[in-house]
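K.L.:
below: sequence and its predicted model.
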Amino acid sequence: MAGKSQGNAYPEYGSTISQPRAFGVSPTSSLVLDTTTSPSANIDEWQAAVDAALARVAHLDAATRQLNKASEQRGRSWALPVEPTEQARIPVWTSRREWLRQFRHHINSPAGRALCARRLIKPDKAYAVAEAHADFAESRTGRGVTAARSTIAARAKVSESAVNRTRRILIDLGMGFEHARGRNLKTIEFLAAEAHHGGQQHRAASTWALSSPQAIVVSTPPIKTPKYHSSRAGKRAAKYRTRQSRRSDTVTEFQQPNQVPSATTAADTLSSVSFLSCEVLPLGRTHQRASARTHQDKNLNCRSKSPRPIEVQRTAAELITHAPALSPPGHIGAVCDVLIHAGIDHTRWTGRDIARALSFDTKERGWIWPTASSLTSPLGYLKHRIKGIDWTKKSPSEQRRAADLARRKEQEQLERMHEQRARAAANPQHRAHVLAGIRAHLSAKLQPG
């Protein structure tokens with residue numbers, strides 16, 4: 001019995017060895033295609049396999065789009081999705097500026113310094129890391145901090161271990177929560193990341209949320225905002241009454257007993273009669289007249305000055321809003337004068353840009369912002385800090401506009417590339433023609449004889 005051990009001591013294995021096939025030559029023996037099956041049945045089976053693969057691709061594309069839409073992906077990286085119920089249990093922050101003020105107050109308190117000492121980090125370094133977290137958070141809710149530890153460490157100019165220590169402090173204070181721990185992406189998540197930003201991403205960073213709980217908000221002292229808009233009408237009325245009283249006192253001094261004052265003496269205080277009378281007046285009264293004239297001259301000079309540009313006033317108000325420690329004790333026009341004297345171009349630098357530049361310079365020097373109660377002269381401190389910064393470089397607003405323009409050009413280039421790829425793709429008529437040729441070739445090869 002050929003090929004079996006019962007009939008031959010040396011069984012034949014030749015029937016199980018695959019032979020190389022030549023293109024256009026029909027296979028022999030048992031590998032010959034079953035000619036009893038019609039060619040149309042094979043073509044239908046092939047078409048069914050192609051349709052199933054296309055359906056699978058369409059299903060994956062729809063699933064990735066739905067996942068990206070449900071998780072509200074943003075930025076140039078794909079973040080791990082967080083359940084809405086998980087986000088709802090975390091209170092949102094008050095605002096970026098208020099959250100940073102609350103964190104700074106609590107880490108500088110005795111309990112906060114003890115907490116920093118227990119976590120082996122200095123308060124100023126912890127504040128720098130917290131500020132980097134706040135830069136990556138959503139401005140409205142404080143959530144969505146999806147930057148990697150290396151990115152946050154590079155922004156704060158600290159080590160990754162300092163980022164870990166600061167995150168433990170945030171958890172201890174209840175001002176930071178980790179929604180999802182960083183991990184490798186699954187298959188569907190990998191495809192969703194590729195559909196989101198067009199690149200390959202194998203791992204996602206942790207997702208954090210910054211919060212302002214009620215205990216933190218209540219224990220943080222409020223900001224004492226000075227009253228900038230005082231009663232200007234009341235001040236003008238008081239000055240007018242002062243001038244009138246001084247003028248009446250002067251007329252009374254020059255007037256002799258039982259003598260009616262002349263029109264010249266009452267109307268012109270610098271006439272020859274007044275000058276001659278001033279020579280015989282006591283020394284104290286003469287000094288009073290001189291100081292009164294000097295005060296009036298100053299008032300006239302102040303009134304003759306041109307008003308400050310509205311853009312400078314808006315810049316100063318925005319600067320005080322983002323840096324409340326620089327609030328002047330009097331009118332906000334003093335801040336406008338400091339900005340004008342420093343030569344800052346208000347068309348390029350907004351108040352927020354100036355505050356960000358001061359914060360960046362503070363971080364570079366290893367300092368932290370002082371509190372409003374610790375500054376005895378906010379204007380002097382502002383003048384001192386402005387002198388050490390180069391205001392001729394590009395402002396953060398200009399850098400942001402340049403980045404937006406570059407990103408817009410990149411998106412337009414990507415859209416043009418997609419359009420070119422779509423135009424280069426074969427149309428349905430060409431695909432049908434090629435498919436008919438393939439079918440004809442297979443039919444000719446599968447015919448017997």
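P.N.:
Nice, thanks for sending it over. Residues are numbered from 1 along each chain as shown.

K.L.:
hmm, residue 205 is touching residue 146, no?
P.N.:
Yes - between residue 205 and residue 146 a contact is recorded at 5.8 Å, counting by Cβ atoms under 8 Å. C-beta here means a position set from N, CA and C on the backbone, and glycine is covered the same way.

K.L.:
tell me which of those two has more neighbours.
P.N.:
Using other Cβ atoms under 10 Å as the criterion, residue 205 and residue 146 rank with residue 146 on top: 24 against 21.

K.L.:
low-confidence ranges, the protein, go.
P.N.:
Applying pLDDT under 70 to the chain flags residues 1-39, 72, 74-75, 224-305, 449.

K.L.:
can you tell me the helix or strand for the closest residue to residue 316 other than its chain neighbours?
P.N.:
Nearest residue to residue 316 in three dimensions, chain neighbours excluded: residue 335, at 4.1 Å (Cβ to Cβ, 6 or more residues apart in numbering). Residue 335 is part of helix 333-342, with elements assigned from DSSP states H and E.

K.L.:
could you pull out the buried residues of that helix?
P.N.:
Under the neighbour-count criterion of 16 or more other Cβ atoms under 10 Å, helix 333-342 has 335-336, 338-339 buried.

K.L.:
which is the next helix or strand following it?
P.N.:
helix 351-364.

K.L.:
picking that back up, and the residue nearest to residue 316, what does it touch?
P.N.:
Counting by Cβ atoms under 8 Å, 6 or more residues apart in numbering, residue 335 makes contact with 316, 319-320, 326, 328, 379, 382.

K.L.:
from the residues you listed, which is closest to residue 437?
P.N.:
The nearest member of the contacts of residue 335 to residue 437, counting by Cβ to Cβ, is residue 319 at 73.3 Å.

K.L.:
burial of that closest one, as a residue count?
P.N.:
Using other Cβ under 10 Å, residue 319 has 27 neighbouring residues.

K.L.:
secondary structure class for it?
P.N.:
helix (DSSP: H, G, I helix; E, B strand; the rest coil).

K.L.:
quick one: it and residue 354 touch, right?
P.N.:
Yes - assessed by Cβ under 8 Å, residue 319 is found in contact with residue 354 at 5.2 Å.

K.L.:
surely residue 92 touches residue 142?
P.N.:
Yes - counting by Cβ under 8 Å, residue 92 does reach residue 142; the two are 5.6 Å apart.

K.L.:
more crowded one of the two?
P.N.:
Counted by other Cβ under 10 Å, residue 92 and residue 142 do not tie: residue 142 has more neighbours, with 25 against 16.

K.L.:
longest helix in this protein, please.
P.N.:
helix 39-71 (DSSP state H).

K.L.:
quick check: buried residues in that one?
P.N.:
Quick answer for helix 39-71 (16+ other Cβ under 10 Å): 39, 42-43, 64, 67-68, 71.

K.L.:
what's the answer for stretch 342-359, then?
P.N.:
Those would be 344, 346, 349-359, for stretch 342-359 by 16+ other Cβ under 10 Å.

K.L.:
how far does the longest helix of the chain sit from the chain's center?
P.N.:
40 Å (Cα atoms, centre = their mean, to the nearest Å).

K.L.:
next secondary structure element downstream of that helix?
P.N.:
Counting by DSSP H and E, the next helix or strand C-terminal to helix 39-71 is helix 84-88.

K.L.:
enumerate every residue touching residue 147.
P.N.:
Contact analysis of residue 147 by Cβ under 8 Å, 6+ apart lists 132, 136, 155, 205.

K.L.:
make TSV out of the residues you listed and add secondary structure and distance to residue 392.
P.N.:
Shown next, in TSV, are the contacts of residue 147 (DSSP: H, G, I helix; E, B strand; the rest coil; distance: Cβ to Cβ, whole Å):
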residue	secondary structure	distance to residue 392
132	helix	27
136	helix	29
155	helix	24
205	coil	37
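
K.L.:
could you export those as JSON lines, including distance to residue 98?
P.N.:
Listed next are those as JSON lines, based on distance: Cβ to Cβ, whole Å:
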{"residue": "132", "distance to residue 98": "17"}
{"residue": "136", "distance to residue 98": "17"}
{"residue": "155", "distance to residue 98": "21"}
{"residue": "205", "distance to residue 98": "26"}
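
K.L.:
ok, for the spatially most central residue of the chain, nearest residue in space, not its chain neighbours?
P.N.:
With distances taken as Cα atoms, centre = their mean, residue 135 lies nearest the centre of the chain, 5.1 Å away. Using Cβ to Cβ, 6+ apart and skipping the chain neighbours, the partner closest in space to residue 135 is residue 155 (6.6 Å).

K.L.:
ok, the one you found touching residue 133?
P.N.:
No - applying Cβ under 8 Å, one finds residue 155 not in contact with residue 133, separated by 9.1 Å.

K.L.:
give me the more crowded residue out of the two.
P.N.:
residue 133 (25 against 18).

K.L.:
for the more buried one, which non-adjacent residue is spatially closest?
P.N.:
Looking at residue 133 with Cβ to Cβ, 6+ apart, the closest residue is residue 145, at 5.5 Å.
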